[in-house]
Every structure is written in C-alpha cells, then in structure tokens.
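In: Quick one: sequence plus predicted model below, questions after.
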Amino acid sequence: MRLPEARGELSAAVIERLGSGPAAGFACLPKVTDVDPLADEDLQLTLAVCYELHYSGFDDVEDRWEWHPGLLALRADIERMFELALRELTGPQPSVGSAEIPAALTALTAEQGGPSLARYIQSHATIDQFREFVIHRSLYQLKEADPHTFAIPRLTGRAKAALIEIQIDEYGSGQLARMHAELFRTTMSCLGLDTAYGAYLDRLPAVTLAGTNMLSMFALHRRLRAALTGQLAAFEMSSSLPNSRYGNGLRRLGGDNRATQFYDEHVEADAVHEQIAAYDMCGSLVAEHPELAADVLFGAAASEALGGMASTHLLDSWAAGRSSLRPALGSADPQPQADLLAGVAA
Amino acid sequence: MTHEPTHVRPSATVTPYEDGPLLLRGDFEIVTPDGEHIEAGRPTVALCRCGRSRIKPFCDGTHKLIDFRAPAGRQLPHPDPADDAEQRTAD
Ligand code: FES
Ligand SMILES: [Fe+2]
Ligand SMILES: [Fe+2]
C-alpha cells in the first residue's frame, strides 16, 4: 500500500523519513505532545503507520524500518499515552477467578439499550452509508484474524488450543475462498469498492484507526497478551447478533448471497467462537495465570468502548447529514467505480 | 492446570456450554431424518439448544436475548419451581 497523507507535524515527519532509507537519522522528531490520544488524527495515523510495517509494509519503504530503534522509541511514547487513555476510559477491572471470567465477559458485552449501529444499518442505512460502514471496517477485515495470530506463541495449553480452534475457522480451514478476509473482499467488490488492502487509509478517521491500533498494540506486546484474548472474546461475543442485522441490511439494499456471505458466515461462526473464546481461551488462560484476569477484562472493556465510540461517530455523522469518512484527497475519487447495487438502492 | 483425560477420545464430542449451545467437534456429519446432508461449514459447530435460533440446527446467538439458562454439566431430575400443580393439570 501507499504511504498515507500526513495529518499533522508528527505523521508528516515520520512519513517523510520512511520515504528515505533507514540510514536517515531519527533525531529532531517533533515531540509527542499532550493530546487526546483516542481522538488525535496525527497521533493515531502515526501509530497506524508504525504498526503497518509489521503487517504488509508500504510501497517504496524499506522493510528494515520495522525494527528501527528510533521509530520504535517514538512508537513506545505513543503507546504509553494510548494504553493509559484506554485504561482510564475503561476504569480498573476486577481480578475475578477463572470460573467467573465467562460471566464477566458476558456482562461487559451485553447489548446496551440506546442507539445501535446494527439496528440502524438493518433498517435505515442507505447504500452509500453501508459502503462507508464497510470502508471503516476494511483496514481490519482485510487482515481479519492476523493480529490475534501473534498471540499463538504466547499462550500455552488449553488457551492456545482454543485460540487455534478459532483461528482455523477465521482462516477458512486453510481454504482461500473461505477465509473471512476473502469473504470481506467479496462483499467490498459487490459494493463496487476498492479491495486493495489499505486503499482507504486516508479516509479513516482517528476513531476508526484507534480500534485497529489497539488490536495491534495488544498483539505486538507479549505483556498485553491477556488483553488481546479479552478483546477477541469481546469481538466474538458481540458479533452474531449484529452481523445478522448487517446481513439483513445489505439484503434490504439489494445485496445477493455473495454480497452478504461475510455477514451470514459470521452469524454462524461467531456463535461457535464466542463459546470457545470465553470459556476455553480466556477461562483457561486465567485458570493457569490468575494474575491475568484483570487484563483479560481490560481488553474486552477497551474493545467495547472503542467499538461504541466508532459506532457513535458513524451514527452522529449520518444524523447530521455528513459523511463519516475523512474527505477524499485531491483527485483520488472515493466513489465506487462499479455501482453494482445502485439500481436496487435507487 | 487441567489435563486432557488419558483415555482414547471418541471420534466426536458434544460439549454443552453454560446458558448456550452445544459444541460439536470431531468426525461428525449432520443429516436430516431422511439422511440428507446438512453442510456444517466448519470443523466445530454450535447446535442451538434454546430453540430460538433462526438458523437451526445451528446457534445464532439468540439465546442471549431470551435469558436462556442451562448448565454446562448434566442436569439431574429436579422439581421446577415454575411447574406448579395448575400448570401440570393443564398439560
Ligand atoms: S442456543 Fe444459541 S440460539 Fe439457541
Ligand atoms: Fe471472522
Ligand atoms: Fe470469529
């Protein structure tokens, strides 16, 4: 993917240096200033760029930047602020016993009253709003399950077996066409969207980047492995019901079985995964390491909180008659090239 | 630490999860009474036991909306407090 457009001093400095070789010094970077790390565009984009070096990298950026000490030091500064903000947002978590972990996760992920993105999408979203929703999800869904794979070597015993049981399904039992990321790609192409990984990075606001950045932070730090399992459990436990609404929304807008397969598959798959994640993965992890209980719940609470903030952003933008995406840059046309569903939506 | 039982595992297992579905793992096939194949779609499936799923025989998470209660282990015969004499005669 291409390097994104900068959103401030910090991201500008990092993006400019990445464009030159890692020999370029890393002194004189702008200081990470005191901003709201959950909402700051410059900070979240910088973090997203740092993390991307561990996944697909960028066109014309040397792979050696991935482990550049100067860049890692900068990332560590941002991560400190980000993690602190997430812990403040979610508050202290109780250190419950392993037997209480599934119930605690269920309580954290129970459907709240109030406005729901899934209900709105099911009954009211326009085809353009549905496309925006898909674009927001694309940075994660096109690499769905990859961050959690980083946890495999960091878990042992039953927790490890449980994570692998989930991942096998996420990766379609090793069949490309059934990989969840590929199902998402199909949905994107049915909607006439660009399916290249990262194609919409410039359009994603901080609130969306914060969600994927949180995953990467949990995934890349062994210290936060319990938070990653808690995050995955929360993801799985708040998936089947919303995905059935997303699928029905897309059917309402004229999507065929191919277009909705990603959502239909998740209704069924995540009803399996949520049990494995809560009981077999998180429960077993805490049984073996009681000291990790609070971090399991932290990961779940942070996932729910950021998910809620992102949903609120979409609903608020649409209620105000605005796009929930950042404006398109220059000539890069965000409009779908092929309007496959437009006839039905009109 | 929990250890796997040492006896040889059967080719398929069914695990009730508390207040949720039955997970079916291993070498199994799901068929209709007529013997028609129902595609499982994945190596481990969740079978609905609350009766309210819209994708039966699979679970779709609806059990969480209806406050479904069922233990993970075997339920032993017991009087149900909701089962008063009146309801029984009405059956
Ligand atoms: S057991 Fe999950 S929907 Fe019935
Ligand atoms: Fe998935
Ligand atoms: Fe899943």
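Out: Received it, and whenever you're ready, just let me know what you need. Residues are numbered from 1 along each chain as shown, chains lettered A, B, ... in the order given. Ligands and ions are numbered 1, 2, ... in the order given.

In: From here on, just use CA atoms for contacts and neighbour counts.
Out: Will do.

In: Can you find the residue of the stretch 151-300 of chain A that comes nearest to ligand 1?
Out: residue A:271 (7.0 Å; CA to the nearest ligand atom).

In: May I see the buried residues of the helix or strand that contains that residue?
Out: For residue A:271, the element it lies in under DSSP states H and E is helix A:257-275. For helix A:257-275, burial by neighbour count (16 or more other CA atoms under 10 Å in any protein chain shown) applies to A:259-275.

In: cool, and stretch A:69-76?
Out: So for stretch A:69-76, counting by 16+ other CA under 10 Å, buried means A:71, A:74, A:75.

In: Ignoring the adjacent residues along the chain, who's closest to the residue of chain A found nearest chain B?
Out: Residue of chain A nearest chain B, by CA to the nearest CA: residue A:272 (5.1 Å). Spatially, and ignoring its direct neighbours in sequence, residue A:272 is nearest to residue B:46 (5.1 Å; CA to CA, 6 or more residues apart in numbering or on different chains).

In: contacting residues for that neighbour?
Out: A:268, A:271, A:272, B:21, B:22, B:23, B:24, B:58, B:59 (CA atoms under 8 Å, 6 or more residues apart in numbering or on different chains).

In: would you say it is within a helix?
Out: No. According to DSSP: H, G, I helix; E, B strand; the rest coil, the state of residue B:46 is strand, so it is not within a helix.

In: For it, give the beta-bridge partners.
Out: When bridges are called by DSSP bridges, residue B:46 pairs up with residue B:23.

In: Quick check, pLDDT for it.
Out: The model reports residue B:46 with a pLDDT of 98.

In: same deal with residue A:24?
Out: 61.

In: Show me which residues of chain B are close to ligand 1?
Out: Residues of chain B lying near ligand 1 by CA under 6 Å from any ligand atom: B:20-21, B:48-53, B:59-63.

In: Would you mark the buried spots in stretch A:280-293?
Out: In stretch A:280-293, counting by 16+ other CA under 10 Å, buried: A:280, A:281, A:282, A:283, A:284, A:285, A:286, A:287, A:288, A:292, A:293.

In: which of these sit farthest apart?
Out: Greatest spatial distance among the buried residues of stretch A:280-293 (CA to CA): A:280 and A:292, at 15.0 Å.

In: if we can go back for a sec, identify, from the residues of chain B next to ligand 1, the entry nearest to residue A:306.
Out: residue B:61 (22.2 Å).

In: Hmm, residue A:231 is touching residue A:300, no?
Out: Yes. Assessed by CA atoms under 8 Å, residue A:231 is found in contact with residue A:300 at 4.3 Å.

In: anything in contact with each of those two?
Out: Counting by CA under 8 Å, 6+ apart, nothing touches both residue A:231 and residue A:300.

In: does the longest helix anywhere in chain A come close to chain B?
Out: For chain A, the longest helix by residue count, based on DSSP state H, is helix A:293-319. No. Judged by CA under 8 Å from any CA of the partner chain, helix A:293-319 makes no contact with chain B; its nearest approach is 15.6 Å.

In: Distance from that helix to the middle of the chain?
Out: Chain-centre distance of helix A:293-319: 11 Å, with CA atoms, centre = their mean, to the nearest Å.

In: tell me which residues of that helix are tucked away?
Out: A:293-307, A:309-315.

In: Same check on stretch A:124-144?
Out: For stretch A:124-144, by 16+ other CA under 10 Å, it's A:125-127, A:129-144.

In: The residue lying closest to residue B:17 once chain neighbours are set aside sits in which helix or strand?
Out: Distance criterion CA to CA, 6+ apart; nearest residue to residue B:17, sequence neighbours excluded, is residue B:72 at 4.9 Å. Residue B:72 belongs to no helix or strand when assigned by DSSP H and E.

In: What spatial separation is found between residue B:72 and residue A:38?
Out: Using CA to CA, to the nearest Å, residue B:72 is found at 40 Å from residue A:38.

In: for residue A:298, same thing?
Out: Relative to residue A:38, and taking CA to CA, residue A:298 is found at 16 Å.
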